[in-house]
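Asker: 3D model of this:
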Amino acid sequence: MNPRTISIKDFHYDLPDEKVAAHPLAERHNSRLLVYRNHTIHDTYYHQISKELPADSLIVFNNTRVVQARLVFTKPTGGRIEIFCLEPGPQYPDITTAMHQTGKVIWNCLIGGASKWKRGQILSLEQSLNGESFSLRAAFVEKLAESFLVELSWTPSHWSFAEVLQLIGSVPLPPYIRREAEPADKERYQTIYAVNEGSVAAPTAGLHFTNEVLDTLKKKNIQPLYLTLHVGAGTFKPVKADTMETHDMHAEFMDVDFSSIERLQSALRAPVTAVGTTSLRTLESLYWIGLYLTRNQYQLPPGFELDQWYPYEQESLLSASEALDAIKKYLQMENKTRLIARTRLLIVPGYDFKIVTQLVTNFHQPESTLLLLVAAFAGDDWRAIYNHALAHNYRFLSYGDGCLIFRHY
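Answerer: Residues are numbered from 1 along each chain as shown. Modelled structure (predicted):
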């Protein structure tokens, strides 16, 4: 199958509104879990997942943390302008650096009510926080193809941008959850192991995991590994093109440290479970970045971005272990402890998986790149999985239930 000629219309299914979960369950691990293995399906719950996964294996989590990325300004005339902070401006090497900026930052944003914002007009927001007067200002910088560059500045200037969002922003619930964010969402739209701030959408497969579930995994010697991919709003970007050839896959920052690459490499003889499509894309991106390094004198250009079509244009002659060796060599040569890069990896049917053998994931929107990834992993049985979930009253999308898919070899 030529990935460029795939028609997104072939990945449609009817998703009634009542199947979309508007709220999470009271207890995370009571969400239902559909298990697909060897063309068969059975139903269980997340608190039973350790019984399904192979002992002495590796389970990989995305430890990104969702930031409260929605900022609402009110003009003197009463008009409301909402700024949705997507990702840092191009002058910052990574999200962490931008999040630590104090006093001022440039951010790539979506703007609700942009037509009401006259160029040159400074938006301001005044509040009293922790007994201290706080002022946030927004200035228009540049119109981009699908977004805007905005300068955000604040006083007191000693606060970091991460702190500003935590204090002033609101939770960026997905557009298909048609309600305002509630106080409970600050905790529930976040995994229990979230650490590195930078996502504007949760890695939702991880929302079902509790400390009790993690303990049951450890008892079976299923070892956790944590890496970071900051989820962008592009994860909700619809595929508007008739075929994938003209779809522009969104880019996201990935951050994996040297010791995690070593641990992953030593675990490759055992099955590797990715919790979420973001973890899977990060793991598979590592392979292709390693291959790129072997073919480019172990050098990455500034602002390196893994192209969406790169895997489909290469003869992948390296093993996964050799690809990880190449990344380790690059980091050692550059005296770095972390691989920070952007990935636009697009996984569609026909993709050759290199590292991941099991996938834990939620149920995704029709005609989305996330559904294409599931179809690549499960094969033609993706439709049987979704038909079963619909017929058996599974809850869909971010706050819904999920599935565990074992890949065929």
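Asker: Contact partners for the closest residue to residue 55 other than its chain neighbours?
Answerer: In space, not counting the residues next to it along the chain, residue 55 is nearest to residue 220; the distance is 4.8 Å by CB to CB, 6 or more residues apart in numbering. Heads up, the C-betas are built off the backbone N, CA and C, glycines and all. For residue 220, the contacting residues are 50, 53, 55, 56, by CB atoms under 8 Å, 6 or more residues apart in numbering.
Asker: Three-state assignment for the third one, please.
Answerer: Think residue 55. What DSSP: H, G, I helix; E, B strand; the rest coil gives for residue 55 is coil.
Asker: my guess is it meets residue 222, correct?
Answerer: Yes: using CB atoms under 8 Å, residue 55 and residue 222 qualify as a contacting pair, with a distance of 6.8 Å.
Asker: what about the two, which has more around it?
Answerer: Taking residue 55 and residue 222 together and counting by other CB atoms under 10 Å, residue 222 has the greater number of neighbours (21 against 12).
Asker: Kindly state the pLDDT recorded for that one?
Answerer: The predicted local confidence for residue 222 comes out at a pLDDT of 98.
Asker: ditto for residue 188
Answerer: In this prediction, residue 188 has a pLDDT value of 96.
Asker: where does the protein have its least confident helix or strand?
Answerer: Of the helices and strands making up the chain, the lowest-confidence element is strand 123-129, at a mean of 84, by mean pLDDT, DSSP states H and E.
Asker: And that one, what's buried?
Answerer: For strand 123-129, the buried set under the neighbour-count rule, 16 or more other CB atoms under 10 Å, comprises 123, 125.
Asker: who's in contact with that strand?
Answerer: Under the criterion CB under 8 Å, 6+ apart, external residues in contact with strand 123-129 comprise 71-75, 81, 83, 117, 133-139, 167-168.
Asker: What of stretch 378-385?
Answerer: Residues lying outside stretch 378-385 but in contact with it, judged by CB under 8 Å, 6+ apart, are 13, 34, 36, 39, 41, 349, 371, 374-375, 403, 405, 407-408.
Asker: Could you look up the SS state of the closest residue to residue 56 other than its chain neighbours?
Answerer: Nearest residue to residue 56, sequence neighbours excluded (CB to CB, 6+ apart): residue 221, at 4.8 Å. Three-state assignment for residue 221 (three-state DSSP): coil.
Asker: need the contact list for residue 221.
Answerer: 55, 56, 57.
Asker: which among these gets closest to residue 338?
Answerer: Ranked by distance to residue 338 (CB to CB), the contacts of residue 221 are led by residue 57 at 24.9 Å.
Asker: my guess is that closest one meets residue 271, correct?
Answerer: Yes: because the distance of 4.4 Å satisfies CB under 8 Å, residue 57 is recorded as touching residue 271.
Asker: next one: phi and psi at the residue nearest to residue 55?
Answerer: Comment: the main-chain dihedrals of residue 220 come out as phi -100, psi 10, following degrees, to the nearest 10.
Asker: Then the one 5 residues further on?
Answerer: Geometry field for residue 225 lists phi and psi as phi -130, psi 130, criterion degrees, to the nearest 10.
Asker: Give the helix, strand or coil label for the nearest residue to it once chain neighbours are set aside.
Answerer: Excluding its sequence neighbours, the residue lying closest to residue 225 (CB to CB, 6+ apart) is residue 60, at 4.8 Å. For residue 60, the reduced secondary structure class is strand; criterion used: three-state DSSP.
Asker: my guess is residue 60 contacts residue 277, does it?
Answerer: No: contact between residue 60 and residue 277 fails when scored by CB under 8 Å: they sit 11.9 Å apart.
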